[in-house]
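Student: need coordinates for the below:
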Amino acid sequence: MKAIAYQIMEETEESFWWYRARRDIISATIGRVLPPGCAIVDFGCGTGTNSAALQSLGYDVIGADVSERALAVCRCKGIPAVNLTTERLGDGSADCVLAGDVLEHLQDDVGALVDLRRTLRRGGLLVAAVPAYEFLWSGEDYVSEHVRRYTRSTLIRSVRLAGYEPVWCSYFNCLLLPVITAIKLYKRLFVPRSMYSSDVTALPQWQNEALYKIFAFEAKLLRWLRFPVGASLLIVARPGSWKKQPD
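Tutor: Here you go, the predicted structure:
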């Protein structure tokens, strides 16, 4: 990611509605499939707010990233952290690997998922969140240096090519999708310069809270249903039979 993206994350991740609600949804999903006390590697942990949330729920969490600046913030929060540019995650060291909005940054997402398989213990799980739909491409994708956005079928394809079998998969950020789509299309048509700057901007507190409550409500709904559309995707998968990537 560009340096400005880490700065924005550090300054807003605790309070901005999108980060907060996504954190609630990821934590709730992991809570349904993995009991407290299990070891989690937060792959691409950024400044560690997801890691800290999972720690508070009783999980044994290690952060992993390529940014020493982000990892320093993690360590200040009491999260053990691995610099992936100089260190290697231990084989069979985790019951779960969380990849929260990471795969879209990688040219070879399948190769990264293959490598993460060795980190999982027998019966371990992959939990991954990614942005959805190329038509929602915006300045945030540019600042964060995304390579792609996914659909349900392309995400499942990458996961299966890497040797996992999906256990559960759903779109999320569904309730606000019409608003998000309208705003992004408006910016693309009438404010084209916004395609080169972050979408994360300060909002009035009432608006930030309202958006958070709408988005976070999906954490309860996802216990019972799977959304057919949404601005993001979430998948739970376990290592299965290897499937060779087509030539």
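
Student: in the protein, where's the longest helix?
Tutor: In the chain, with assignment by DSSP state H, the single longest helix is helix 17-33.

Student: can you list contacts of the host helix or strand of Ala70?
Tutor: Ala70 belongs to helix 68-76 when assigned by DSSP states H and E. With contacts defined as CB atoms under 8 Å, 6 or more residues apart in numbering, helix 68-76 is touched by 6, 9-10, 45-48, 51, 63, 65, 81-83. Placement of C-beta: from N, CA and C, glycine included.

Student: filter the residues you listed to the buried ones?
Tutor: Listed as buried from the contacts of helix 68-76 are Tyr6, Met9, Glu10, Cys45, Gly46, Thr47, Gly48, Ser51, Gly63, Asp65, Ala81, Val82; burial here means 16 or more other CB atoms under 10 Å.

Student: related to what we said a few turns ago, which among the contacts of helix 68-76 gets closest to Asp141?
Tutor: The closest of the contacts of helix 68-76 to Asp141 turns out to be Met9 (CB to CB; 14.6 Å).

Student: pLDDT score assigned to that closest one?
Tutor: Looking at Met9, its pLDDT reads 69.

Student: with the one 4 residues further on instead?
Tutor: According to the model's per-residue confidence, Glu13 sits at a pLDDT of 81.

Student: for the spatially most central residue of the chain, give its distance to Lys187.
Tutor: Per CA atoms, centre = their mean, the C-alpha nearest to the average position across the chain is that of Gly100, at 2.0 Å. Noted for Gly100: a distance of 25 Å to Lys187, by CB to CB, to the nearest Å.

Student: please apply the same query to Glu140.
Tutor: In terms of CB to CB, Glu140 sits 11 Å off from Lys187.

Student: ok, what's across the strand from Phe43?
Tutor: Using DSSP bridges, the beta-bridge partners of Phe43 come out as Ala64, Ala99.

Student: if I pick it, what's in contact with it?
Tutor: Contacts of Phe43 (CB under 8 Å, 6+ apart): Ala64, Leu89, Val97, Leu98, Ala99, Val102, Leu116.

Student: off-centre distance for the helix holding Ala70?
Tutor: In this view, helix 68-76 has its centroid 18 Å away from the chain centroid, taken as CA atoms, centre = their mean, to the nearest Å.

Student: quick one: least confident helix or strand in the protein?
Tutor: Counting by mean pLDDT, DSSP states H and E, the chain has its least confident helix or strand at helix 3-12, which shows a mean of 68.

Student: before we move on, the earlier item: what's the closest of the contacts of Phe43 to Ile156?
Tutor: Distance to Ile156, by CB to CB, is smallest for Ala99 among the contacts of Phe43, at 14.6 Å.

Student: what's the local residue count around the closest one?
Tutor: Applying other CB atoms under 10 Å, we find 25 residues neighbouring Ala99.

Student: repeat that for Arg121.
Tutor: Neighbourhood size, Arg121 [other CB under 10 Å]: 15.

Student: repeat that for Ser56.
Tutor: Using other CB under 10 Å: Ser56 sits among 10 other residues.

Student: which positions within stretch 144-155 qualify as buried?
Tutor: The neighbour-count check on stretch 144-155 (16+ other CB under 10 Å) flags Ser144, His146, Arg148, Arg149, Tyr150, Arg152, Thr154, Leu155 as buried.
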